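K.L.:
Any chance you can model this:
(one chain, ligands or ions: 2)
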Amino acid sequence: MHPFALSRAHDVSAAIAAHAQDPELAFIAGGTDLLGLIKDRATLPALLLDINGLPDMARIDARPEGGLRIGALARMSDVAVHPEVRNRFPVIAEALLCSASGQLRNMASIGGNIMQRTRCAYFRDEDDLPCNKRRPGSGCAARHGLNRNHAIFGWSDGCVATNPSDLAVALAALDAQVIVRGASGERSIAFAEFHRLPGTTPETETVLKRGDLIVAIEVPPRPEGRASHYLNLGVTYAELLARNGLPHLIGDGSYDPVPEAEGAKAIFSFSAVYAEVRVDPELGLVRLQRFVGAYDAGRIINPKTARSQAIGGIIWGVGQALLEQSETDPALGRFLNRNYSGYLVPSNADIPDPDAHFVGDFDAEASPLGAKGLGELTAVSVAPAIANAVYHATGKRVRDLPITVEKVM
Ligand SMILES: Cc1cc2nc3c(=O)[nH]c(=O)nc-3n(C[C@H](O)[C@H](O)[C@H](O)COP(=O)(O)OP(=O)(O)OC[C@H]3O[C@@H](n4cnc5c(N)ncnc54)[C@H](O)[C@@H]3O)c2cc1C
Ligand code: SF4
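P.N.:
Ligands and ions are numbered 1, 2, ... in the order given. Below is the predicted model of the structure:
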């Protein structure tokens with residue numbers, strides 16, 4: 001862990017002055033983002049100034065004209081359950097409730113939430129991979145790397161990361177203002193202007209300057225706010241195009257194989273699996289009757305652990321095929337089955353005695369030991385085999401898992 005000094009602020013002006021004077025100083029509120037960034041060595045402040053003791057910054061005021069003022073130190077969980085927040089702007093409460101976890105929301109502040117940094121895996125990687133946001137000028141590993149959750153619009157050649165704050169989406173939609181106090185007094189920044197697009201300086205994410213302290217968020221009165229909701233849903237490609245008035249998107253790319261790859265050989269493992277099910281014609285209940293898997297994983301060094309791995313994979317796959325499912329409330333976006341009383345996994349009665357056979361041989365291309373991998377291979381083919389068996393038994397082709405009674409009936 002990077003060593004740092006910690007001090008506590010009790011006076012707003014003194015906190016602002018200290019931040020303005022010392023580029024090595026960072027404000028800390030709940031610490032739920034900042035401490036993670038320090039552990040990942042993405043930021044290395046020498047001094048943390050704890051602002052939790054600053055007066056009047058944790059209040060939530062419902063204004064008589066219908067707006068809200070939320071102190072920057074108000075906790076996410078307190079804001080989410082505040083009756084007037086829920087009444088006037090359900091979108092704020094719902095965006096907060098589908099953020100992070102209960103424990104994190106109890107610690108995390110509103111100011112810290114809108115200042116949290118991107119979840120781009122390269123930015124957070126402690127191995128200091130190329131990332132212009134973390135190390136300006138080093139490049140952007142995500143451009144041609146892991147970027148499935150990255151930006152479609154607003155990105156630049158320098159950075160394609162997104163902002164992870166759910167609350168920020170709600171505040172932008174409500175035309176909220178960020179109230180900031182700095183060396184030259186207090187000012188108000190329109191929420192939509194608060195975060196910057198990456199451009200050529202992705203390391204600068206907001207319009208704040210050194211010495212700026214967020215003191216509150218103000219949400220203007222909006223009668224339609226009472227009907228607002230936050231849904232954390234994916235959108236289809238067609239919806240994205242329609243929203244942005246585009247007929248299509250065109251992307252160009254090229255790939256030159258690296259010389260070292262010449263003559264290289266793939267070392268896949270293979271499996272063939274067979275499932276037999278019984279389906280109750282009146283209740284639609286699916287019971288796995290028999291399961292047989294045959295695996296080519298090269299030389300099996302330890303037959304006992306290999307068989308355990310295969311059986312574990314089969315049981316995992318049965319859960320995926322027939323039972324496991326996260327239930328979310330469509331209005332609140334909350335997980336409803338957050339423990340094992342509602343989240344179903346296979347138990348002994350769900351699993352027949354599975355059969356695992358190993359048919360592979362010493363594979364000299366794979367490794368000097370002749371072994372190949374036997375990891376998730378054993379799980380991935382199980383759900384398709386069970387879905388096929390259900391189709392053979394009922395004529396119902398179920399394509400979204402788990403295969404529950406209502407899909408079979
Ligand atoms: C496992 C995990 C899952 C998460 N999932 C989600 C999610 O689904 N949705 C979501 O929106 N968020 C998510 N978060 C992020 C979480 O909401 C933030 O970590 C939290 O809101 C940060 O608040 P904090 O008070 O702990 O900030 P801190 O960590 O204390 O500070 C974060 C940054 O804000 C600065 N800062 C704090 N207060 C002020 C202020 N008043 N003025 C100026 N600068 C300030 C700090 O200097 C620091 O740079 C997740 C976090 C974790 C760890
Ligand atoms: S997308 Fe941005 S944060 Fe991610 S690697 Fe590229 S520069 Fe870094």
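
K.L.:
Pull out the buried positions in stretch 7-27.
P.N.:
9, 12, 15, 16, 18, 19, 20, 25, 26, 27 (16 or more other CB atoms under 10 Å). (C-beta placed from N, C-alpha, C; glycine too.)

K.L.:
which residues of the chain score low on pLDDT?
P.N.:
For the chain, applying pLDDT under 70 flags the ranges 233-236, 257-258, 260-261, 331-332, 334.

K.L.:
can you tell me which helix in it is longest?
P.N.:
Counting by DSSP state H, the longest helix found in the chain is helix 303-318.

K.L.:
What helices and strands are in contact with it?
P.N.:
strand 286-296, strand 355-358, helix 377-380, helix 382-394 (3 or more CB pairs under 8 Å, 6 or more residues apart in numbering; DSSP states H and E).

K.L.:
Tabulate these (a markdown table), appending distance to residue 54 and mean neighbour count.
P.N.:
Output for those, formatted as a markdown table (distance: least, CB to CB, whole Å; neighbours: other CB atoms under 10 Å):
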| stretch | distance to residue 54 | mean neighbour count |
| --- | --- | --- |
| strand 286-296 | 58 | 19 |
| strand 355-358 | 62 | 16 |
| helix 377-380 | 51 | 20 |
| helix 382-394 | 53 | 19 |
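
K.L.:
With distance to ligand 2 as extra columns, can I get those in TSV?
P.N.:
Formatted as TSV, the helices and strands packed on helix 303-318 follow (distance: least, CB to the nearest ligand atom, whole Å):
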stretch	distance to ligand 2
strand 286-296	37
strand 355-358	41
helix 377-380	29
helix 382-394	33
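
K.L.:
Now do the helices in this protein.
P.N.:
12-21, 34-39, 76-81, 83-88, 90-97, 102-107, 110-115, 166-173, 191-194, 237-243, 303-318, 377-380, 382-394, 405-408.

K.L.:
Adding distance to residue 288, write those helices out as CSV.
P.N.:
Formatted as CSV, these follow (distance: least, CB to CB, whole Å):
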stretch, distance to residue 288
helix 12-21, 61
helix 34-39, 41
helix 76-81, 41
helix 83-88, 45
helix 90-97, 37
helix 102-107, 35
helix 110-115, 45
helix 166-173, 39
helix 191-194, 52
helix 237-243, 36
helix 303-318, 6
helix 377-380, 14
helix 382-394, 7
helix 405-408, 14
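
K.L.:
out of these, nearest to residue 133?
P.N.:
Among these, the nearest to residue 133 by CB to CB is helix 34-39 (11.4 Å).

K.L.:
Is the closest one in proximity to ligand 1?
P.N.:
Yes: using CB under 6 Å from any ligand atom, we find that helix 34-39 touches ligand 1 at 34, 36.

K.L.:
residues contacting the residue of the chain found nearest ligand 1?
P.N.:
Closest contact between the chain and ligand 1, by CB to the nearest ligand atom, is at residue 112 (2.1 Å). By CB atoms under 8 Å, 6 or more residues apart in numbering, residue 112 lies in contact with 29, 30, 32, 33, 34.
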